[in-house]
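1. what's the 3D shape of this:
(one chain, ligands or ions: 2)
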Amino acid sequence: SPSDPDLVERARAAKEKLGDKVFVLGHHYQRDEVIQFADVTGDSFKLARDAAARPEAEYIVFCGVHFMAESADILTSDDQKVVLPDLAAGCSMADMATAEQVAECWDVLTEAGIAEQVVPVSYMNSSADIKAFTGKHGGTICTSSNAKRALDWAFEQGEKVLFLPDQHLGRNTAVRDMGMSLDDCVLYNPHKPNGGLTAEELRAAKMILWRGHCSVHGRFSLDSVNDVRERIPGVNVLVHPECKHEVVAAADYVGSTEYIIKTLEAAPAGSKWAIGTELNLVRRLANRFADEGKEIVFLDKTVCFCSTMNRIDLPHLVWTLESLAEGNLVNRIEVDPETESFAKLALERMLALP
Ligand code: 13P
Ligand code: SF4
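-> Residues are numbered from 1 along each chain as shown. Ligands and ions are numbered 1, 2, ... in the order given. Okay, the predicted model is just below:
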């Protein structure tokens, strides 16, 4: 829907008043009304790098979700302030791994006698606490655009990987990109004693997958893929690796949001695409490429926005920018120094991946 012209004008005026003091980052899943004010857009990896590359900005306004703002705070200098326009913009997947649960898991791995062989690899979509755990235990962070490189690195450091918190990205990368089999993977359920696994199962596994998932990408099914192939002959199915393994296995192309955009940019006129990722992005791409004769549809019949990404809307952005322009620092996201130092270690290992 078109943005309210009054709010657009207020956002523009507040941003102009702030000038170089503010830098606005927008994740690809953000609403159009917010994206129009982003100085840069990107996937989680690109935005983490872009935040770190803006030392002159006093305020980094992060239009995305909580874990992204935390990562930006970790990667920027102490006098830069990272602001999340709505503090309720969390991520249900990141919430599926708490510090206590992960500490308990490490005890289980220790009991099974394998902790020394295990390297943690945590998806960007995790709290700063989980990133700190990862850094402390010699592991790295990954995003959907560098998961294979992160796993290659991890298997040079140890024999097994504990992959947190997205089972699907972990499984898809192991099986699709690393040539492992489904039997090399076990699923650790934090709600069951010992993760629901025996010590033998843990010892035999190469990939210990945390039982987390994205509720948005979890909606796509094998039926969604089969239906769209029937509806649109010749369609290319392009999905995000947070989708279930069966969906990824049936798709033609798999990659991060940035990869999805690049693939569509390079696609020939007349080509047809069904995209399995968040709806704000898919609609924006469908509109953008319609003139070039590329037909782009959403993979599923029912809509699926990320409800927490959608919490950042134009009214929240206007309130944030106007507050900052008046000298009121609102909604700052600040990671405590101890957590930050270990989390930074894990993030820097990711940024240093070949
Ligand atoms: P990317 O933008 O890194 O592909 O991440 C997708 C996502 O779910 C972010 O929350
Ligand atoms: Fe979290 Fe999924 Fe939303 Fe990304 S799309 S923020 S992983 S719930």
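2. only C-alpha atoms for contact and neighbour calcs from this point on.
-> Will do.
3. and the helices in the stretch 101-250 of the chain?
-> Here the stretch 101-250 of the chain has its helices, by DSSP state H, counting those that start in this stretch, at 128-136, 147-157, 167-172, 199-204, 222-231, 245-250.
4. so which of those comes closest to E292?
-> Nearest to E292, of all these, is helix 222-231, at 21.5 Å by C-alpha to C-alpha.
5. which helices and strands sit right next to the closest one?
-> Helix 222-231 is packed against helix 245-250, with contacts defined by 3 or more C-alpha pairs under 8 Å, 6 or more residues apart in numbering; DSSP states H and E.
6. immediately after the helix it packs on, which helix or strand?
-> strand 253-254 (DSSP states H and E).
7. what is the neighbour count of D336?
-> D336 has 11 neighbours, counted by other C-alpha atoms under 10 Å.
8. ok, now which ones touch it?
-> Contacts for D336 (C-alpha atoms under 8 Å, 6 or more residues apart in numbering) come out as none.
9. could I get the helices of the stretch 101-250 of the chain as TSV with distance to ligand 1, mean neighbour count and mean pLDDT?
-> What follows is the helices of the stretch 101-250 of the chain, written out as TSV (distance: least, C-alpha to the nearest ligand atom, whole Å; neighbours: other C-alpha atoms under 10 Å; pLDDT from 0 to 100):
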stretch	distance to ligand 1	mean neighbour count	mean pLDDT
helix 128-136	15	25	98
helix 147-157	10	18	98
helix 167-172	10	27	98
helix 199-204	28	15	97
helix 222-231	19	15	97
helix 245-250	14	20	98
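10. check contacts around the residue in the stretch 151-300 of the chain that ligand 1 sits nearest to.
-> Closest residue of the stretch 151-300 of the chain to ligand 1, C-alpha to the nearest ligand atom: S256 (3.6 Å). S256 sits next to 43, 144-145, 240-241 when contact means C-alpha under 8 Å, 6+ apart.
11. with distance to S122 as new columns, can the helices of the stretch 101-250 of the chain be given to me in CSV?
-> Formatted as CSV, the helices of the stretch 101-250 of the chain follow (distance: least, C-alpha to C-alpha, whole Å):
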stretch, distance to S122
helix 128-136, 7
helix 147-157, 9
helix 167-172, 9
helix 199-204, 18
helix 222-231, 27
helix 245-250, 19
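12. where does the protein come near ligand 2, residue by residue?
-> 91-93, 214-216, 306 (C-alpha under 6 Å from any ligand atom).
13. try 5 Å
-> Residues of the chain lying close to ligand 2 (C-alpha under 5 Å from any ligand atom) are 91, 214, 306.
14. got phi/psi on whichever residue of the stretch 101-250 of the chain sits closest to ligand 2?
-> Proximity to ligand 2, evaluated over the stretch 101-250 of the chain using C-alpha to the nearest ligand atom, is greatest for C214 at 4.2 Å. The phi/psi pair for C214 (degrees, to the nearest 10) reads phi -100, psi 120.
15. contacting residues around R332?
-> Counting by C-alpha under 8 Å, 6+ apart, R332 has contacts 81-84.
16. take those and keep only those in strands.
-> If you go by DSSP state E, these have 81-83 in strands.
17. ok, and the most crowded of those residues?
-> When neighbours are counted by other C-alpha under 10 Å, V82 leads the ones in strands among the contacts of R332 with 30 neighbours.
18. right, and that residue touches I74 too?
-> No - counting by C-alpha atoms under 8 Å, V82 stays clear of I74, with 9.5 Å between them.
19. shared neighbours, these two?
-> With C-alpha under 8 Å, 6+ apart, V82 and I74 have no common neighbours.
20. list the contacts for the residue lying closest to V228 once chain neighbours are set aside?
-> Nearest residue to V228 in three dimensions, chain neighbours excluded: L299, at 6.9 Å (C-alpha to C-alpha, 6 or more residues apart in numbering). Residues in contact with L299 (C-alpha under 8 Å, 6+ apart) are 220, 224-225, 228, 237, 274-277.
21. quick check, the one helix or strand L47 maps to touching ligand 1?
-> Assigned by DSSP H and E, L47 falls within helix 44-52. Yes - legend: contact between helix 44-52 and ligand 1 by C-alpha under 5 Å from any ligand atom is shown at S44.
22. ok, residues contacting that helix?
-> The contact list for helix 44-52 (C-alpha under 8 Å, 6+ apart) reads 25-27, 40-41, 60, 68, 71-72, 75-76, 124, 143, 145, 351.
23. in ChimeraX, select just the buried ones from those residues.
-> In ChimeraX, a selection of the buried entries from those looks like this (16 or more other C-alpha atoms under 10 Å):
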select :25,26,27,40,41,60,68,71,72,75,76,124,143,145,351
